[in-house]
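Visitor: Provided below are the primary sequence and the corresponding predicted coordinates.
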Amino acid sequence: MKIILLGAPGAGKGTQAEVISNHLGIPTISTGNCLREAVKNGTELGLKAKNDMDHGRLVPDEVVIGIIKERLAQDDCKNGYILDGFPRTVPQAEALTAMGVTIDKVIDIEVADETIEARLSGRRVCESCGASYHLAYKPSKVEGVCDACGGKLVIRKDDEPQTVRDRLQVYHKQTEPVKAYYEKLGKLYPVQGQEEVSDTSALVLKTLEA
Ligand code: ADP
Ligand code: ZN
């Protein structure tokens with residue numbers, strides 16, 4: 001199964017990707033994590049992407065399309081995958097189609113902007129492994145320490161309030177049109193993401209069966 005997770009930043013795509021990944025035994029490909037990894041390692045790609053990411057702007061299409069092409073060619077993608085954070089523009093969706101990829105379902109997690117702003121302000125991420133936590137909704141066992149690897153939990157630079165508002169604008173302008181692209185193909189499945197994480201997960205799993 002090939003699945004796309006759509007939704008605003010902070011809609012909970014990463015969390016739901018993990019749920020689906022465990023349920024179906026397929027990997028999650030997160031362009032955000034790939035990019036942050038490249039930034040951390042100081043690669044040429046990372047240097048190119050960092051400025052855009054820190055300011056809440058999208059990284060150029062050709063950069064992320066290149067990342068995805070390379071990643072989907074790897075062995076573990078043979079039996080399907082979940083795309084988290086890609087495509088984020090209509091040209092990216094078109095590129096995916098042009099690669100010959102047939103997506104089974106696009107799950108769109110719907111959350112109001114005000115909820116997003118509240119959620120992102122409490123988000124903490126592990127600087128070592130990228131695992132995501134939330135002060136109120138998904139606290140780590142020990143404050144400031146990653147449950148998975150013991151790494152330090154930090155605030156992402158792009159989770160600062162003004163940057164969050166910028167990212168939401170970018171989302172409405174550049175990513176929302178991707179919904180229409182998949183709706184026309186009959187592949188769009190909206191899911192309410194406003195309530196508890198477990199409620200959303202239940203709806204997501206139901207959507208997979210539909
Ligand atoms: P979130 O979903 O919380 O916004 P991500 O971790 O998916 O965060 O992405 C972080 C940043 O990485 C984005 O704000 C953007 O700068 C960049 N990025 C990730 N995926 C893409 C993409 N498909 N196209 C362009 N930029 C991307
Ligand atoms: Zn960690």
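Guide: The structure has been received and is ready for your questions. Numbering: from 1, shown residues only. Ligands and ions are numbered 1, 2, ... in the order given.
Visitor: off-centre distance for the one helix or strand Glu70 maps to?
Guide: Per DSSP states H and E: Glu70 is located in helix 61-72. Helix 61-72 sits 15 Å away from the centroid of its parent chain (CA atoms, centre = their mean, to the nearest Å).
Visitor: now do stretch 113-132
Guide: Stretch 113-132 has its C-alpha centroid displaced from the chain centroid by 12 Å (CA atoms, centre = their mean).
Visitor: with only the CA atoms kept, save it in PDB.
Guide: Extracted as PDB, the C-alpha positions of stretch 113-132 are listed here (Å, rounded to 0.1, in the frame of the first residue of the first chain):
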ATOM      1  CA  ASP A 113      -5.300  26.800  12.600                       C
ATOM      2  CA  GLU A 114      -5.800  27.900  16.200                       C
ATOM      3  CA  THR A 115      -5.300  24.300  17.400                       C
ATOM      4  CA  ILE A 116      -2.100  24.100  15.300                       C
ATOM      5  CA  GLU A 117      -0.600  27.100  16.900                       C
ATOM      6  CA  ALA A 118      -1.300  25.700  20.400                       C
ATOM      7  CA  ARG A 119       0.100  22.400  19.500                       C
ATOM      8  CA  LEU A 120       3.300  23.500  17.900                       C
ATOM      9  CA  SER A 121       4.300  25.800  20.800                       C
ATOM     10  CA  GLY A 122       4.500  22.700  23.000                       C
ATOM     11  CA  ARG A 123       6.300  20.500  20.600                       C
ATOM     12  CA  ARG A 124       9.700  19.200  21.500                       C
ATOM     13  CA  VAL A 125      11.900  17.000  19.200                       C
ATOM     14  CA  CYS A 126      14.900  14.800  20.000                       C
ATOM     15  CA  GLU A 127      18.000  16.300  18.500                       C
ATOM     16  CA  SER A 128      19.600  12.900  18.100                       C
ATOM     17  CA  CYS A 129      16.900  10.700  16.600                       C
ATOM     18  CA  GLY A 130      14.100  13.100  15.500                       C
ATOM     19  CA  ALA A 131      11.400  11.600  17.700                       C
ATOM     20  CA  SER A 132       8.600  14.000  18.500                       C
END
